[in-house]
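1. what follows is a protein structure lacking sequence information:
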């Protein structure tokens, strides 16, 4: 609607939408750089939209700063790092070849998962647009699917941001950093609620 009012092109609208996603992630999670990268990945799979390279980080930083100005604080995540080795170099540059290999394998897996997520989002959107001709019914049907999945799973763990637990045994981002704080299928639950 605003695009039509201001006479914006489809490309301009896409940049504004991408910047809006980046601002949302920057504001909600306090991760402006990650928010900007995520926003550009989701809307342009495998291609960098150069016109969004400046608006996305700026919007994400403004979103983060705005939330902080209101006195809202983001969740802090603490991951203990244990020094490796006993030589003087390891005090300044802890390098473990096995750990480095694991990080490389994990990075590839995370990249492929991100790609799969973005492709799935676009596939679901395409399928819904083809199957449901009345556009306002699409989010309604999507909401019903999320409600049905929540009922089938029997717990609301995957609703919301995954930061504040809806019940004491809930799986959250913070609990996933602890032993027994998540289960094997937890990684599949959240993406379905984002669709």
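-> Sure, I can see it. Computed from a predicted model, the values in this text were never measured in an experiment. Residues are numbered from 1 along each chain as shown.

2. can you list the buried residues in stretch 165-183?
-> Neighbour-count burial for stretch 165-183, with 16 or more other Cβ atoms under 10 Å as criterion, is recorded at 170, 171, 172, 174, 175, 182. Quick note: C-beta positions are derived from backbone N, CA and C, even for glycine.

3. tell me where the chain has helices.
-> Using DSSP state H, the helices of the chain run over residues 2-5, 10-29, 32-43, 55-69, 88-92, 97-131, 137-153, 186-194.

4. between those, which gets nearest to residue 164?
-> For residue 164, the closest of those is helix 10-29, at 12.0 Å, according to Cβ to Cβ.

5. so that closest one versus helix 32-43, what angle?
-> Computed by axes from the mean of the first three to the mean of the last three Cα atoms, to 10 degrees, the angle separating helix 10-29 from helix 32-43 equals 140 degrees.

6. tell me which residue lies nearest the centroid of this structure.
-> When Cα atoms, centre = their mean is applied to the chain, the residue found nearest the centroid is residue 38 (6.5 Å).

7. that residue against residue 21, yeah?
-> Yes. Under the criterion of Cβ atoms under 8 Å, residue 38 makes contact with residue 21 at 7.3 Å.

8. so which of the buried residues of stretch 165-183 is the closest to residue 7?
-> Distance to residue 7 across those (Cβ to Cβ) is lowest for residue 172, with 44.0 Å.

9. contacting residues for the closest one?
-> Contacts for residue 172 (Cβ atoms under 8 Å, 6 or more residues apart in numbering) come out as 157, 162, 163, 164, 165, 181.

10. could you pull up phi and psi at it?
-> The phi and psi values for residue 172, taken as degrees, to the nearest 10, are phi -130, psi 180.

11. what stretches of this structure score poorly on pLDDT?
-> Low-confidence segments of the chain (pLDDT under 70): 43-47, 77-95, 181, 183-195.
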